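1. Just to be clear, the model below is a prediction. Sequence and coordinates:
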Amino acid sequence: MDEDIILFDDLVRCVADASASEEELRTLANMMRRDSRFAKRYARQMHVHALLTCQRGQEWPEAKPSLAEEAASDVGTQPAVGLWRGVAAAAAAVIVGVTMWLAWPLGRGARFEKDSVVTVVSSLHGQWADGRGVVAGTALKAGVWVWQGGLVELVTRDGTVLLVEAPANLEIINALYARLHAGKLVVRMPKGQSGFVVETPEVKVFDLGTEFGVSVSPGAGSHVQVFNGKVRTETANATLRKELHAGETVRADEAGGLVVAAYDEKMFIRRFPPVPNPERPSGFLYSRSEVEAVRVAVAEQPVKVDGDLSEWDRRVAFKSACAAQYAGDYWIEGLMMYDATNLYLAAHVGDPDPMRNTAPEGFEFAGGSVIVRVSTDPALGWPLKGTLVEGGTENYRKNPLTPDAASEGITSLVMWHDAGSGRAKLKIERGIDQHGPTIDPPGWRGAFRKDADGCGYTLEYAISWKLLKCAERPPQAGDELAALWMVHWSDAEGRIARGQLVEVTNHQPHQGQELPPYCYFQNGPSWGKAIYLPKGE
C-alpha cells in the first residue's frame, strides 16, 4: 500500500502541473476506481493545488483530466471535476464544494496570511507545546514552532510540503529555509523546483530537487536520508561536504563527522496519513503534575521480573492521570523498590493501544513507553542544577551549561515493548544531555504483560546498580535523589507520538524559567525526587 500511495501522489503531481501522459492518467484512473480512498486522496490534493494556484494568482494549467475526472465521478467525487475549469470565482466555489464533500476534519485548506510562511494542511493527533490541538488551516509565521505530539503536514506558498513528526522543534526562517532542532522532517518540493535548506545543529542539507528526510535526536546527532533526487550535505563547520542520491543515508555527529548509515525506509513517515487509525480521544493529554516525590521501598523478598506485581507493596505507589476528559483511558500507577543489587521499576499504564511500539531507532519512546530518569549520585543533591534550556525552549540543544548536566550519575531509562520481536527493551542515556545512548546493555531484566481487557499493560524491570554506574555506593536509606517519570502514548500503529504525561516534578517555581512540561526532562530544577526508605517502611 505504501508503494501505491507514493506512485499515486507522483501521478497527481504530474496531473497538477499538466505533465501527465495518457498512460499516467489511465493508471491514476484505474487506481481510483479500484480503491475509493485514492479518489478521496485525489480530491483532497487537487483541493490544495487549487488553493495554492489561487493564492499565487496563476491560471490553472491546461491539462487532460478526462480519465481522472471520469474515475473520480465513478466513485462519487464529482466536486473535484470543477478544479480543472479555472481558478477565479468558479474555482472558489469548487473549493467550498470539495471541502464540504470531504467532511475532512483535519484539512481545511491552505490559508496564507500577509506575513505567514507556511500553512497547516493536515494533522493527526497534532499537539502544540502547550497542549492545544493543531488545527488544519492555521497559518504560521517565521519563528520557532514546537509540537509535543502527532504528525503535522505543512505547505509553503510555492507548494513545498513539510511533514513534521513530533515531538519536534522547527524554526521556520522563510519559505526556503528551516532549522530542525529536534524531531523529524520530510521535505518534498514540487516537481521541477529545488533550493530548500534544512539546518540542524550538526549539518546543513541543500535540496537539489528531491524528497528527503532529516531527523535530530538527543545523543544520536542528525540523520539525512534521500528518497528521490539528490541533496548536498555540509557539516556545521563547513569542513565536510557530501552529495547524497536516492537510497542513501548519512549520520552527522556532534564531533563534526559525516558517516554513511544504512538506508531505512521505516525511519520516516513520507505521506499523510500513513495508515488508517481507529477513532480515539485526542488532544491535550498532559495534566498538571501532582506528585513531587516518589517513595522507594526496600525489596524484602526476591523480585521475579514477570509483569506480575503481586510481590510489590502498593502503598508506595503514586498514581496520576491525564486531563479529565482522557483520565479514564490514559493514566499510570508507578512504583520503585531497591535492594543491594538492583533498582526495581514497575508501572501499570492505561493505554487503549498497548504494547504496539514500532518506532525507529532514536525515537523509540514515541511508539509508547515509560521513561524513568534518576540521579544516583548524592553529591548532585536535590534539586538538580544542570539544564539545557536556559534562555527558552528554542535553546534546548545548547551545550550543557553546568557540569552536572553531563554527569554519569544521571541516567535515563527508556522502557518499551517492541511489537516486532515481542520483547521488553531498554535504552540507557547518560546525563541530562542524554549522551551515549545504548540499547539493551548487559545488566537488566524486563517484562511486559497486557491487561486482560486490552486497554493497558504492566511493566516490571530490574536495573543493576552496576549498569547505573553506582555499584560502589548505591543509593541508601535516607537518600533523597532527583527523579522524573514520563509516559508516552502512541497511535494504533505504535509509531506516532500522540500524548505524554510528566510526573514526579519539583513544584516550586524555577526562577526565570517558564518551561512547558515536555521540557522538564532537560531541566534539572524541574525534576522531583526519589526518597529511599529504610527497611520495613
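-> Structure received.

2. Can you give me the domain assignment for this protein?
-> 2-102, 116-267, 293-532 (automatic domain parsing).

3. Using JSON lines, lay out these together with mean pLDDT and mean neighbour count.
-> C-beta coordinates here come from the backbone N, C-alpha and C atoms, glycine included. Shown next, in JSON lines, are those (pLDDT from 0 to 100; neighbours: other CB atoms under 10 Å):
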{"stretch": "domain 2-102", "mean pLDDT": "54", "mean neighbour count": "18"}
{"stretch": "domain 116-267", "mean pLDDT": "90", "mean neighbour count": "20"}
{"stretch": "domain 293-532", "mean pLDDT": "91", "mean neighbour count": "19"}
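
4. Residue 24 looks like it's in a helix, true?
-> Yes - applying DSSP: H, G, I helix; E, B strand; the rest coil, one finds residue 24 inside a helix.

5. Could you report the separation of it from residue 227?
-> 20 Å (CB to CB, to the nearest Å).

6. contacting residues around the nearest residue to residue 376 once chain neighbours are set aside?
-> The shortest distance from residue 376 to any non-neighbouring residue, by CB to CB, 6 or more residues apart in numbering, is to residue 470 (4.0 Å). By CB atoms under 8 Å, 6 or more residues apart in numbering, the contact set of residue 470 is 376, 377, 409.

7. Looking at the residues you listed, spot the one nearest residue 196.
-> Ranked by distance to residue 196 (CB to CB), those are led by residue 409 at 42.4 Å.

8. wouldn't that closest one be in contact with residue 469 here?
-> Yes - at 6.8 Å, residue 409 counts as touching residue 469 under the criterion of CB atoms under 8 Å.

9. which neighbours do the two share?
-> With CB under 8 Å, 6+ apart, residue 409 and residue 469 have common neighbours residue 376.

10. now the helices for the chain?
-> 2-16, 22-34, 36-56, 66-74, 89-102 (DSSP state H).

11. Could you tell me the phi and psi values at the residue nearest to residue 376?
-> Torsion angles at residue 470 (phi, psi; degrees, to the nearest 10) stand at phi -140, psi 30.

12. Repeat that for residue 175.
-> Dihedral angles (degrees, to the nearest 10) for residue 175: phi -70, psi -10.

13. Can you name the residues that contact it?
-> 117, 118, 156, 157, 158, 160.

14. ok, and the closest non-adjacent residue to it?
-> Take residue 175 and drop its neighbours on the chain: the residue closest to it by CB to CB, 6+ apart is residue 156, 4.6 Å away.

15. if I pick the one you found, what's in contact with it?
-> 117, 118, 162, 175, 176.

16. And residue 436, by the same measure?
-> Neighbouring residues of residue 436 by CB under 8 Å, 6+ apart: 219, 428, 429, 430.

17. how near is the last one to residue 163?
-> As defined by CB to CB, residue 430 lies at a distance of 32 Å from residue 163.

18. ditto for residue 413
-> Distance of residue 413 to residue 163, computed by CB to CB: 31 Å.

19. Skipping adjacent residues, who's closest to the residue nearest to the spatial centre of the chain in space?
-> In the chain, the C-alpha nearest the mean C-alpha coordinate belongs to residue 166, at 2.7 Å (CA atoms, centre = their mean). Nearest residue to residue 166, sequence neighbours excluded (CB to CB, 6+ apart): residue 147, at 3.7 Å.

20. Tell me the bridge partners for the one you found.
-> residue 128, residue 168 (DSSP bridges).

21. in terms of contact, does it touch residue 162 like I think?
-> No - counting by CB under 8 Å, residue 147 does not reach residue 162; the two are 11.9 Å apart.

22. who touches both of the two?
-> residue 170.

23. Hmm, residue 152 and residue 136 touching each other?
-> No - counting by CB under 8 Å, residue 152 is not a contact partner of residue 136; they are 9.1 Å apart.

24. how about the strands in the stretch 101-250 of the chain?
-> 116-128, 139-141, 143-156, 161-174, 177-188, 197-199, 203-207, 211-217, 221-228, 230-235, 241-245, 249-252 (DSSP state E, counting those that start in this stretch).

25. can you redo the ones you listed as JSON lines with distance to residue 357?
-> Output for the strands of the stretch 101-250 of the chain, formatted as JSON lines (distance: least, CB to CB, whole Å):
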{"stretch": "strand 116-128", "distance to residue 357": "16"}
{"stretch": "strand 139-141", "distance to residue 357": "30"}
{"stretch": "strand 143-156", "distance to residue 357": "15"}
{"stretch": "strand 161-174", "distance to residue 357": "15"}
{"stretch": "strand 177-188", "distance to residue 357": "16"}
{"stretch": "strand 197-199", "distance to residue 357": "27"}
{"stretch": "strand 203-207", "distance to residue 357": "28"}
{"stretch": "strand 211-217", "distance to residue 357": "16"}
{"stretch": "strand 221-228", "distance to residue 357": "19"}
{"stretch": "strand 230-235", "distance to residue 357": "30"}
{"stretch": "strand 241-245", "distance to residue 357": "29"}
{"stretch": "strand 249-252", "distance to residue 357": "22"}
